[in-house]
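Trainee: fold the following.
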Amino acid sequence: MEIQQADTSLFGTVQAITQETIDAVYPAYYPKGAVNYFKAHHSAENIRTDIEAGAVYVLSDGGKPVATVTIKENHILRLFVRKEAQHRGYGKALLDFAESKIAESYAEAELDASFPAKHIYLKRGYCDTEFCIEESESGDYLCYDVMSKKLAGTGTPAQGDTGLRLRPYIHDRDFDSIKDWIGDERTHALWSANRVAFPLQKESFGMLLRDISEKFGDSPFIAAGSDGTPVGFLCYSLNPDTEEGMLKFIMTSPEVRGKGYGHKMLSIALQYAFEITGAAAVHLNVFSCNEPAKRCYRKAGFTDRNIAEKAFSFMGESWDRCNMIIKRTEHYRSA
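Mentor: From the prediction side, this is the model:
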């Protein structure tokens, strides 16, 4: 058994292992549109680019290439073993190799787990960090999990690693951390519909939180980074009659915007809503003109449910309000 770094002479081999394994294994787990999505994602162009970057490795046994893996920073990608060579320890050997390489520079390994492979990664000590749904051009859905594992090495944390956790918001302790996250009146109105005055004041914001707690059962949460620093905020409540949860007042620190923290925070909040509170669906409201927020919500799996036209006015502007929803069955959809 030998593992070697792939050069361009092995491009066809890596492409064949990748595409043939997808064709042989994935149709049993995913609809046709999702399988095609996988194949397009692992395109010839992407494989060639990764080989040229020195990120691709091939495992051979007896001189015959049987498996491949790609390692980019702390991410394990494109780990495929030919179907006829599976259950012979080749996948384990590549994972051992990849984790060893990553541990030289990082403290944690990350990967995207498809349905066929997830049980393997769970046995290896990987934990879910995010559940993702992608819609293919055909309308079929591709579902997969982002997983991570702490490594027994002395590497540095991965660039972009959020280490995010939700905890209860404590008003007296946390208000000063979040009060300046929104710095202008228009953004404040997009965030709060002016339910509370700008700039955010401790007393009035505390009154708002108490009010929605009493009326709707809302609980406020802080999303904290691995060092405990607050980087996000949201409120959540569950309507026991409709079994619908609702997210409100979602915001992130300016320092982390555009870096995936909002999506990660939503993923954790949805996991809490579905698995802890038993919600059948979760919804939220967003003004239609707030495109960055809508993109983030769509990425998390939310879809438009209804639109209230001209629901809010701000300095001569008239904003439509969009209600977006994600159902438990959609969040955990499988083929």
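
Trainee: okay, CA-based contacts and neighbour counts for the rest of this
Mentor: Fine.

Trainee: run through the stretch 1-150 of the chain and note the low-pLDDT ranges.
Mentor: Residues of the stretch 1-150 of the chain meeting the criterion pLDDT under 70: none.

Trainee: that one: strands as residue ranges?
Mentor: 2-5, 56-61, 64-72, 75-81, 108-113, 127-135, 141-150 (DSSP state E, counting those that start in this stretch).

Trainee: bridged to the spatially closest residue to Gly91 that is not a sequence neighbour, which residues?
Mentor: Distances taken as Cα to Cα, 6 or more residues apart in numbering place Val81 nearest to Gly91, at 6.5 Å, with adjacent residues excluded. Taking DSSP bridges as the rule, Val81 bridges to Ala67.

Trainee: next, count neighbours for Val81.
Mentor: By other Cα atoms under 10 Å, 26 other residues sit near Val81.

Trainee: can you tell me which of the strands of the stretch 1-150 of the chain comes nearest to Phe274?
Mentor: strand 127-135 (12.3 Å; Cα to Cα).

Trainee: so what does that closest one touch, helix or strand wise?
Mentor: strand 141-150, helix 261-271 (3 or more Cα pairs under 8 Å, 6 or more residues apart in numbering; DSSP states H and E).

Trainee: point out the most buried one among those.
Mentor: Using mean count of other Cα atoms under 10 Å, the stretch among these with the largest mean neighbour count is helix 261-271, at a mean of 22.

Trainee: what are the contacting residues of that helix?
Mentor: 130-131, 162, 164-166, 223, 231-232, 251-252, 282, 296-297, 299-300 (Cα atoms under 8 Å, 6 or more residues apart in numbering).

Trainee: what's the closest of the helices and strands packed on strand 127-135 to Val14?
Mentor: strand 141-150 (22.3 Å).

Trainee: who does that closest one pair up with?
Mentor: strand 108-113 (antiparallel), strand 127-135 (antiparallel).

Trainee: burial of Glu203, as a residue count?
Mentor: The burial count for Glu203: 10, using other Cα under 10 Å.

Trainee: now the helices and strands packed on strand 127-135 as JSON lines including distance to Ile212?
Mentor: Conversion of these to JSON lines gives the following (distance: least, Cα to Cα, whole Å):
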{"stretch": "strand 141-150", "distance to Ile212": "33"}
{"stretch": "helix 261-271", "distance to Ile212": "18"}
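
Trainee: and these: which comes nearest Gly183?
Mentor: Using Cα to Cα, the nearest of the helices and strands packed on strand 127-135 to Gly183 is helix 261-271, at 17.9 Å.

Trainee: residue ranges with poor pLDDT in the stretch 201-335 of the chain?
Mentor: 333-335.

Trainee: for it, what spans make up the strands?
Mentor: Counting by DSSP E, counting those that start in this stretch, the strands of the stretch 201-335 of the chain are 219-224, 230-239, 244-252, 281-287, 303-314, 317-327.

Trainee: got the CA positions of the fourth one in CSV?
Mentor: What follows is the C-alpha trace of strand 281-287 in CSV, where atoms were taken according to Å, rounded to 0.1, in the frame of the first residue of the first chain:
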residue,chain,number,x,y,z
ALA,A,281,-41.0,24.6,11.4
VAL,A,282,-39.1,27.8,12.0
HIS,A,283,-39.9,31.1,10.4
LEU,A,284,-38.7,34.7,10.5
ASN,A,285,-39.5,38.1,9.0
VAL,A,286,-37.1,40.1,6.8
PHE,A,287,-37.6,43.2,4.8
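
Trainee: who's in contact with it?
Mentor: By Cα under 8 Å, 6+ apart, strand 281-287 touches 190, 243-248, 270, 273-274, 293-294, 302, 319-328.

Trainee: quick one: buried ones out of those residues?
Mentor: The neighbour count (16 or more other Cα atoms under 10 Å) marks 190, 244-248, 270, 273-274, 293-294, 302, 319-328 as buried among the contacts of strand 281-287.

Trainee: what residues of stretch 20-34 count as buried?
Mentor: Across stretch 20-34, burial judged by 16+ other Cα under 10 Å covers Glu20, Thr21, Ile22, Asp23, Tyr26, Tyr30, Pro31, Lys32, Gly33, Ala34.

Trainee: same question, stretch 286-294
Mentor: For stretch 286-294, by 16+ other Cα under 10 Å, it's Val286, Phe287, Ser288, Asn290, Ala293, Lys294.

Trainee: tabulate the residues you listed (a markdown table), appending distance to Lys202.
Mentor: Listed next are these as a markdown table, based on distance: Cα to Cα, whole Å:
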| residue | distance to Lys202 |
| --- | --- |
| Val286 | 24 |
| Phe287 | 25 |
| Ser288 | 29 |
| Asn290 | 26 |
| Ala293 | 25 |
| Lys294 | 28 |
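
Trainee: now the residue positioned nearest the centre of the chain, nearest residue through space, not along the chain?
Mentor: Nearest residue to the geometric centre of the chain (Cα atoms, centre = their mean): Glu130, 4.4 Å. Using Cα to Cα, 6+ apart and skipping the chain neighbours, the partner closest in space to Glu130 is Val146 (5.0 Å).

Trainee: quick check, the one you found in contact with Tyr126.
Mentor: No: counting by Cα atoms under 8 Å, Val146 stays clear of Tyr126, with 9.5 Å between them.
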